[in-house]
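A.B. asks: Whatever this is, show me its structure:
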Amino acid sequence: MSDPEGRPRPGDRPRGPGHWRGAGFHRGPGFRPPWWPEGEPFPPSGSAAWRGVRTRFLRRVGLVVAVFFGLLFAANVLTWTLLARRPGPGGHRAFAPFGWIIGLGILVAFLVVGRAARGMAGPVGDVMEAADRVAGGDYRTRVEERGPREVRRLARSFNAMAERLNANEEQRRELLADVAHELRTPLSVIQGNVEGMLDGLYPTDRTHLEPLLEEARIMSRLLEDLQTLSTAEAGALRLHWETARPAELVEEAAAAFRASAGAKGVTLELRNSSSLPDVEVDPLRIGQVLANLLSNAVRHTPPGGSVSVSADLARSGRAVAFSVSDTGPGIPPDVLPHVFDRFVRSGDSGGAGLGLAIARSLVRAHGGEITAESREGRGTTVRFEVPAQPL
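C.D. replies: I've put the predicted structure just below:
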């Protein structure tokens, strides 16, 4: 499991920062899509999250409108009151100061409303124009944060949305390129062998047909892994919840790898704590996670080394922690943060680089989290936690 599908392939194209932003999209406790910021709850709390901002914004607009129409109303009342007195000849001169006051009040009202309208119309117009560019596919569009506080927050939220859309678009393009890269090799093998058979260069015997079947199985596994990963990240993965004993999950997963570990000269150890609480999980999916981790561990551990799998009570006391450790060469520090990303693998890995990405998505679908610790030359430990049932 050391360097578990974690090293970039030789000759791979450089990957930008957006490539490493993919966090799993999952349901249950801790549900958060890959583009959602760390530390922010998902999904957002609905209208309550914006109630204060909306109230302040509407209050400010209402105050401006009320001041404007209030001044107009006061001016009208004052005018009608003065005119009702029917002053005699020359009495209109006494109303001249009131006329100046009324005119000045109306002018101030227009200035206040005009300034407020300009202060909001300009930034809101910027957001509308930027929204049109985003709708046209330009996800690099950003808006300058200016104007009233509420409008600045609108611009800030728009920029965050545009950044996430841009990151998702980069990940989509990289995923398509990676899938094409992974499918090209088996398709080339199948095409070359079939053309050779049609041209009479190869006989249609078992020796030449079995490699074609194996390449077809590789493509089938790749497509199944992609389907599992996409449904898990989209929150659409159906889990069949059951009450399970952690020790039994570990024992069943380890039993499937005893033969391959023994054939390679690797010792497989089980270390289960006693009196662990039961967990509410999908046993098949948790078994898939453990199988991925054990497969990597056995593959990357040299003969004479050891692999241990265990289940313990987490430090919080509210979760069960499963861990798989090996004594392999370890993972380089610059690769370690990326081992759970798609299509990241070592040069000698036999997989497509999706195993740990699927493991992370499945763990998060259970409301848990998965981490990897490694030191070069001293092995690797991958640990994940799932919520435990109350004792």
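
A.B. asks: beta partners for residue 387?
C.D. replies: When assigned by DSSP bridges, residue 387 has beta-bridge partners residue 319.

A.B. asks: Quick check: it touching residue 369?
C.D. replies: No: assessed by C-beta atoms under 8 Å, residue 387 is found out of contact with residue 369, at 10.6 Å. (C-beta placed from N, C-alpha, C; glycine too.)

A.B. asks: Which residues are in contact with residue 202?
C.D. replies: 193, 196, 208 (C-beta atoms under 8 Å, 6 or more residues apart in numbering).

A.B. asks: Surely it is in a strand?
C.D. replies: No: looking at residue 202 with DSSP: H, G, I helix; E, B strand; the rest coil, it is coil, so not inside a strand.

A.B. asks: Find me the pLDDT at it, would you?
C.D. replies: Here, the pLDDT recorded for residue 202 equals 85.

A.B. asks: need the helices for this structure, in chain order.
C.D. replies: In the chain, the helices defined using DSSP state H lie at 47-84, 96-135, 149-198, 206-233, 246-255, 258-264, 283-300, 355-365.

A.B. asks: Point out where the stretch 101-250 of the chain drops to low pLDDT.
C.D. replies: The model of the stretch 101-250 of the chain has pLDDT under 70 over residues 101-106, 109-110, 112-121.

A.B. asks: What are the contacting residues of stretch 263-271?
C.D. replies: 250-251, 254, 257-258, 261-262, 298, 301, 303-310.

A.B. asks: PyMOL command for the buried members of those residues?
C.D. replies: This is how PyMOL selects the buried members of those, with burial counted by 16 or more other C-beta atoms under 10 Å:
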select buried, resi 250+254+257+261+298+301+305+306+307+308+309+310
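
A.B. asks: How is this structure partitioned into domains?
C.D. replies: 17-24+239-387, 32-202 (automatic domain parsing).

A.B. asks: how about those in TSV, adding distance to residue 223?
C.D. replies: What follows is the domains of the chain, written out as TSV (distance: least, C-beta to C-beta, whole Å):
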stretch	distance to residue 223
domain 17-24+239-387	10
domain 32-202	9
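
A.B. asks: So for residue 212, which of these sits nearest?
C.D. replies: domain 32-202 (5.3 Å; C-beta to C-beta).

A.B. asks: hang on, the earlier thing: for residue 387 and residue 369, indicate the residue with more neighbours.
C.D. replies: For residue 387 versus residue 369, the count of surrounding residues by other C-beta atoms under 10 Å is larger for residue 387: 20 against 15.

A.B. asks: what about that one, distance to residue 280?
C.D. replies: 7 Å (C-beta to C-beta, to the nearest Å).

A.B. asks: again, but for residue 368
C.D. replies: In terms of C-beta to C-beta, residue 368 sits 11 Å off from residue 280.

A.B. asks: now residue 315
C.D. replies: 20 Å.

A.B. asks: cool, residue 127 as well?
C.D. replies: Taking C-beta to C-beta, one finds residue 127 at 45 Å from residue 280.

A.B. asks: If you count surrounding residues, which of those two has more?
C.D. replies: residue 127 (18 against 15).

A.B. asks: I figured the more buried one was touching residue 156, is that so?
C.D. replies: No: the pair residue 127 / residue 156 is not scored as a contact, 10.6 Å apart, by C-beta under 8 Å.

A.B. asks: okay, now the nearest residue to residue 261 once chain neighbours are set aside: neighbour count?
C.D. replies: Spatial nearest neighbour of residue 261, excluding adjacent residues (C-beta to C-beta, 6 or more residues apart in numbering): residue 268 at 4.4 Å. Neighbourhood size, residue 268 [other C-beta under 10 Å]: 20.

A.B. asks: Show me what residue 268 is bridged to.
C.D. replies: Going by DSSP bridges, residue 268 forms beta bridges with residue 307.

A.B. asks: Need the pLDDT of it.
C.D. replies: Residue 268 is assigned a pLDDT of 93 by the prediction.

A.B. asks: again, but for residue 78
C.D. replies: 65.

A.B. asks: Equivalent analysis for residue 309, please.
C.D. replies: Per-residue pLDDT puts residue 309 at 94.

A.B. asks: got a list of what it touches?
C.D. replies: 250, 253-254, 268-271, 290, 293-294, 322-325.
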